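[1] Show me the folded form of this:
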Amino acid sequence: MGGGKKVDVSAIPIKFSEKQQAFHYLYVKEHRVREGTKSSWPQKRTLFVLNVPPYCTEECLSRLFSPCGPVQSVQLQEKPELADSPKEPKSKFFHPTPIPGFQVAYVVFQKPGGVSAALVLKGPLLVSTESHPVKSGIHKWISNYTDSVPDPEALRVEVDTFMEAYDERIAEEEAKAKEEEGVPDEEGWVKVTRRGRRPVLPRTEAASLRVLERERRKRARKELLNFYAWQHRETKMEHLAQLRKKFEEDKQRIELMRAQRKFRPY
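    Predicted coordinates for the structure are as follows:
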């Protein structure tokens, strides 16, 4: 919001279903920032929503606010942020870790009139309807478990599609790097890159097994060398001990011979 301006917050009652008696309130206001503050959310077209319950998804919010005007996008977040966080391509097989508890949401309308209509929206709004049911309780658990078991063929197709796009992107980056190599910039510097350097690709199972086998042989060879070094060290210590023992014996023998000598002038 701007400095010193009044914050217009509206409370919109919602119910999970028609059978539910108690209301839950969403608190909404137009997304505004102070002068000089940058925000990636479109000004005058973004509705900031507080107190979003866990069972209310982005699809639910888009449907609830669609009577106010065409909804361009909806993003749920754990806490308010000034920038729209970049999203990775979604996969139906891998779901991100859900945010526990209540959340905030940014609803972007295609036209500014959507925000004005949402601020005067009357309720109660239904989250789960006959045409758009929202699963809860044991039905939600069963659905989550079913979604956690992927179809192998469909998963393979998605992975292959992802890898093809990845390979194309890497090829484009390599081609761009080759084009830039050898061309001086504005200050006369020439960019030099390592030719033949390829990006590290994920290892296959066979490659991983080969790496593990090499590591095993390397450890075995190192242990053998360590054993030989230990054996050589023990041999040297034993030889030194024998030399010391022989030295002491020779020393005692000389002392004995000296003691046995007698002065005999005649």
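[2] make it CA atoms for all contacts and neighbour counts henceforth
    OK.
[3] what sits against Asn144?
    For Asn144, no contacting residues are found, by CA atoms under 8 Å, 6 or more residues apart in numbering.
[4] Which of the three states applies to it?
    helix (DSSP: H, G, I helix; E, B strand; the rest coil).
[5] same thing with Val74?
    The three-state label given to Val74 by three-state DSSP is strand.
[6] I'd like to know how many residues surround the spatially closest residue to it that is not a sequence neighbour.
    Leaving out its chain neighbours, the residue that sits closest to Val74 by CA to CA, 6 or more residues apart in numbering is Val107, at 4.6 Å. Val107: 27 surrounding residues under other CA atoms under 10 Å.
[7] Quickly list what Val107 is bridged to.
    On the basis of DSSP bridges, Val107 is bridged to Leu47, Val74.
[8] separation between it and Ala220?
    61 Å (CA to CA, to the nearest Å).
[9] For stretch 229-244, list every residue counted as buried.
    The neighbour-count check on stretch 229-244 (16 or more other CA atoms under 10 Å) flags nothing as buried.
[10] Give me the distance from that stretch to the chain's centre.
    55 Å (CA atoms, centre = their mean, to the nearest Å).
[11] Pull it out as CSV, backbone CA atoms only.
    What follows is stretch 229-244, C-alpha atoms only, in CSV (Å, rounded to 0.1, in the frame of the first residue of the first chain):
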residue,chain,number,x,y,z
ALA,A,229,54.2,-50.8,3.4
TRP,A,230,53.2,-52.1,6.8
GLN,A,231,55.0,-55.4,6.2
HIS,A,232,58.2,-53.5,5.0
ARG,A,233,58.0,-51.3,8.0
GLU,A,234,57.7,-54.3,10.4
THR,A,235,60.7,-56.0,8.7
LYS,A,236,62.8,-52.9,9.2
MET,A,237,61.8,-52.7,12.8
GLU,A,238,62.6,-56.4,13.4
HIS,A,239,66.0,-56.0,11.7
LEU,A,240,66.8,-53.0,13.9
ALA,A,241,65.8,-54.9,17.0
GLN,A,242,68.2,-57.8,16.0
LEU,A,243,71.0,-55.4,15.4
ARG,A,244,70.5,-53.8,18.8
